[in-house]
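Peer 1: Predicted model follows, preceded by the sequence.
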Amino acid sequence: MSPPRKIGRILASPAVGQEETVQGWVYRTRSSGAIVYAVVRDSTGIIQVTVKKGNLPEEEFEAAKAAPVESSVIVTGKLFEDKRAPGGFEIKASGFKLVGGAMPFPITEYQSEELLLDNRHLWIRSREQAAVMKVKASVLEGARAWLKANDFIEVTPPILTQNACEGGVTLFKLKYFDREAYLSQSAQMYLEALIFSLDRVYSLTPSFRAEKSRTTRHLTEYWHLELEEAWTDNAGNMEVQENLVTAMVEQVLQDRQEELRLLGRDPADLREVRPPFKRVRYSQAIEALRAQGLDLSFGSDLGAVEERAFTANEKVPVFVTNFPKEIKAFYMKEDPEEPSTVKCADMLAPEGYGEIIGGSERETDLDKLVERLQALEIPMEAYQWYLDLRRFGSVPHSGFGLGIERVVRWVCRLEHIRDAVPFPRTVARCYP
């Protein structure tokens with residue numbers, strides 16, 4: 001028996017007449033009595049296998065005939081061209097080993113979304129889900145490669161914390177021995193502490209938001225890529241963001257064009273993504289949205305509806321800058337040229353996919369930070385360590401958080417963000 005090879009490699013350089021062995025799972029199967037036509041899948045693709053009675057031992061033919069969808073198998077045979085077969089080639093089996101049989105598979109065509117979510121542990125075997133995970137892997141690979149090339153150090157901040165970075169209302173609270181703690185919403189404050197020794201840092205961690213938001217772009221647990229940069233203002237921060245996102249997209253285009261097409265995304269769309277990205281002030285965005293008929297005024301936050309309307313016709317991400325101070329976090333630096341706003345930027349994905357990055361220059365003035373905490377009635381005891389960062393050699397610095405699943409949703413043209421993660425956690429679901 002020839003050594004096993006991945007299906008994708010066989011189809012990439014087909015050697016007609018050569019014996020091949022594949023290991024995988026039955027994707028589809030049908031029988032016409034003396035012949036079994038099985039499509040076998042592995043992590044790299046699918047290939048048709050023709051099992052003909054008399055061409056292999058009888059017990060192996062019967063095993064092929066009885067093997068239902070999702071049975072694991074090892075098939076050996078010669079490769080032949082067949083334009084009717086998926087990929088244009090088939091293996092005519094001379095050996096068929098049933099490794100692990102399968103019960104009747106609970107997922108068939110046209111199932112409800114709830115059934116697919118209940119059976120997520122099985123649905124992730126689908127070609128679409130596999131394609132999304134491969135794209136996601138390339139998104140992360142592109143990010144890490146760019147970050148390493150640009151002198152960012154990966155660090156490992158805690159998940160358990162006593163600080164609320166993004167507001168106490170959306171914290172998951174838990175008992176930590178004899179005191180209260182929270183699941184992290186953001187690693188930002190810990191990254192800020194690390195810039196004083198490492199200059200440029202990043203982390204990739206799960207973040208948790210107890211938001212009762214039932215939208216196509218919210219998860220209660222998601223993967224958060226966060227950066228913090230010493231000696232960097234808000235303008236420099238936006239340059240980091242647009243170059244990072246471009247590198248992520250380029251890695252996907254290099255590795256995953258087949259997967260993109262399977263998911264309905266034309267790779268040509270993503271080739272448009274090149275810096276610099278458009279920069280629009282919040283006040284200008286409000287005016288543009290009011291012109292579209294939305295009921296907004298200065299101080300209104302931009303939600304899913306507004307972001308979708310603002311970017312529906314864009315082909316490349318857009319920055320919205322200088323949000324009002326009152327609707328942004330206490331640690332964002334006031335813009336001296338427009339004190340009612342802060343030096344921040346949200347990056348909105350094109351085609352209406354909404355915010356994928358939130359970032360800002362950080363406030364370095366200790367008195368202003370204390371004043372903001374007091375104005376928001378935030379107890380300062382848990383933030384004394386954070387305020388120490390301004391007491392001992394503070395420097396201008398900026399940072400941002402990028403939602404990995406939001407980027408994947410945009411890149412893959414997914415209708416719902418839950419399909420950008422293998423086991424989604426939402427308001428309604430924590431199973432399986």
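Peer 2: On my side now, so go ahead. Numbers count the residues shown, from 1 in each chain.
Peer 1: Please make it C-alpha for all contacts and neighbour counts, starting now.
Peer 2: Noted.
Peer 1: Export the host helix or strand of residue 345 to CSV, keeping only CA atoms.
Peer 2: When elements are assigned from DSSP states H and E, residue 345 belongs to strand 344-349. Extracted C-alpha coordinates of strand 344-349, given in CSV (Å, rounded to 0.1, in the frame of the first residue of the first chain):
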residue,chain,number,x,y,z
CYS,A,344,-9.5,58.1,19.3
ALA,A,345,-10.4,56.2,16.2
ASP,A,346,-12.8,53.3,15.4
MET,A,347,-11.9,51.3,12.3
LEU,A,348,-15.1,50.3,10.5
ALA,A,349,-15.0,47.4,8.0
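Peer 1: what's the helix or strand just after that strand packed up against?
Peer 2: Towards the C-terminus, the helix or strand next in line after strand 344-349, according to DSSP H and E, is strand 354-361. Contact here means 3 or more CA pairs under 8 Å, 6 or more residues apart in numbering; DSSP states H and E; on that basis strand 354-361 packs against helix 234-255, helix 304-311, strand 344-349, strand 397-403, helix 404-412.
Peer 1: one more time with 10 Å
Peer 2: Under the contact criterion of 3 or more CA pairs under 10 Å, 6 or more residues apart in numbering; DSSP states H and E, the helices and strands touching strand 354-361 comprise strand 221-230, helix 234-255, helix 304-311, strand 318-321, strand 344-349, strand 397-403, helix 404-412.
Peer 1: Which one, of the ones you listed, ends up nearest to residue 428?
Peer 2: Taking CA to CA as the criterion, strand 221-230 is the member of those that comes nearest to residue 428, at 12.4 Å.
Peer 1: Parallel or antiparallel, which strands does that closest one pair with?
Peer 2: Here strand 221-230 has these sheet partners by DSSP bridges: strand 200-208 (antiparallel), strand 397-403 (antiparallel).
Peer 1: winner for burial among those?
Peer 2: Relative to the other members of the strands paired with strand 221-230, strand 397-403 carries the highest mean neighbour count by mean count of other CA atoms under 10 Å, namely a mean of 24.
Peer 1: Going along the chain, name the helices of this protein.
Peer 2: 7-12, 58-66, 113-118, 120-123, 127-149, 188-198, 234-255, 257-262, 267-270, 282-291, 304-311, 366-375, 384-391, 404-412 (DSSP state H).
Peer 1: sorry, back to before: mind putting the strands paired with strand 221-230 in a markdown table, mean pLDDT and distance to residue 117 included?
Peer 2: Rendered in a markdown table, the data for those read as follows (pLDDT from 0 to 100; distance: least, CA to CA, whole Å):
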| stretch | mean pLDDT | distance to residue 117 |
| --- | --- | --- |
| strand 200-208 | 98 | 20 |
| strand 397-403 | 98 | 22 |
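Peer 1: In TSV, list these along with distance to residue 163.
Peer 2: Putting the strands paired with strand 221-230 into TSV (distance: least, CA to CA, whole Å) gives the following:
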stretch	distance to residue 163
strand 200-208	13
strand 397-403	17
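Peer 1: Residue 114: which of those strands is closest?
Peer 2: Comparing the strands paired with strand 221-230 against residue 114 with CA to CA, the closest turns out to be strand 200-208 (22.8 Å).
Peer 1: okay, the closest one in PDB with CA atoms only?
Peer 2: Extracted in PDB, the C-alpha atoms of strand 200-208 (Å, rounded to 0.1, in the frame of the first residue of the first chain):
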ATOM      1  CA  ARG A 200       5.700  47.800  21.800                       C
ATOM      2  CA  VAL A 201       3.600  44.900  23.000                       C
ATOM      3  CA  TYR A 202       0.600  42.800  22.000                       C
ATOM      4  CA  SER A 203      -1.500  40.000  23.300                       C
ATOM      5  CA  LEU A 204      -4.100  37.600  21.900                       C
ATOM      6  CA  THR A 205      -6.500  36.500  24.600                       C
ATOM      7  CA  PRO A 206     -10.200  35.700  25.000                       C
ATOM      8  CA  SER A 207     -12.300  38.700  26.200                       C
ATOM      9  CA  PHE A 208     -15.700  38.500  27.800                       C
END
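Peer 1: and the angle for that strand with helix 188-198?
Peer 2: Between strand 200-208 and helix 188-198, the angle formed by their directions is 160 degrees, by axes from the mean of the first three to the mean of the last three CA atoms, to 10 degrees.
Peer 1: if we can go back for a sec, determine which stretch of the helices and strands packed on strand 354-361 is the most buried.
Peer 2: Ranked by mean neighbour count under mean count of other CA under 10 Å, these are led by strand 344-349, which reaches a mean of 26.
Peer 1: Domain-wise, how is this protein divided?
Peer 2: Following automatic domain parsing, the chain resolves into domains at 7-100, 118-420.
Peer 1: how about JSON lines for the ones you listed, with distance to residue 106 added?
Peer 2: Converted to JSON lines, the domains of the chain look like this (distance: least, CA to CA, whole Å):
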{"stretch": "domain 7-100", "distance to residue 106": "10"}
{"stretch": "domain 118-420", "distance to residue 106": "8"}
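Peer 1: before we move on, back to that, out of the helices of the chain, nearest to residue 96?
Peer 2: Using CA to CA and comparing those, the one that lies nearest residue 96 is helix 58-66, at 5.4 Å.
Peer 1: how distant is that closest one from the center of its chain?
Peer 2: 42 Å (CA atoms, centre = their mean, to the nearest Å).
Peer 1: before we move on, what about stretch 262-271?
Peer 2: What separates the centre of stretch 262-271 from the centre of its chain is 16 Å, taken as CA atoms, centre = their mean.
Peer 1: cool, and stretch 183-194?
Peer 2: In terms of CA atoms, centre = their mean, the centre of stretch 183-194 is found 20 Å from the chain centre.
Peer 1: Ok, stretch 86-105 next?
Peer 2: In terms of CA atoms, centre = their mean, the gap separating the centre of stretch 86-105 from the centre of its chain is 32 Å.
Peer 1: for stretch 198-206, same thing?
Peer 2: Per CA atoms, centre = their mean, the centroid offset for stretch 198-206 relative to its chain is 17 Å.
Peer 1: One more: stretch 60-80?
Peer 2: Averaging C-alpha positions (CA atoms, centre = their mean) puts stretch 60-80 35 Å from its chain's average.
Peer 1: What residues sit buried inside it?
Peer 2: Under the neighbour-count criterion of 16 or more other CA atoms under 10 Å, stretch 60-80 has 60-65, 67-80 buried.
Peer 1: Go through the residues you listed and flag which are in strands.
Peer 2: Using DSSP state E, 72, 73, 74, 75, 76, 77, 78, 79, 80 are the members of the buried residues of stretch 60-80 that sit in strands.
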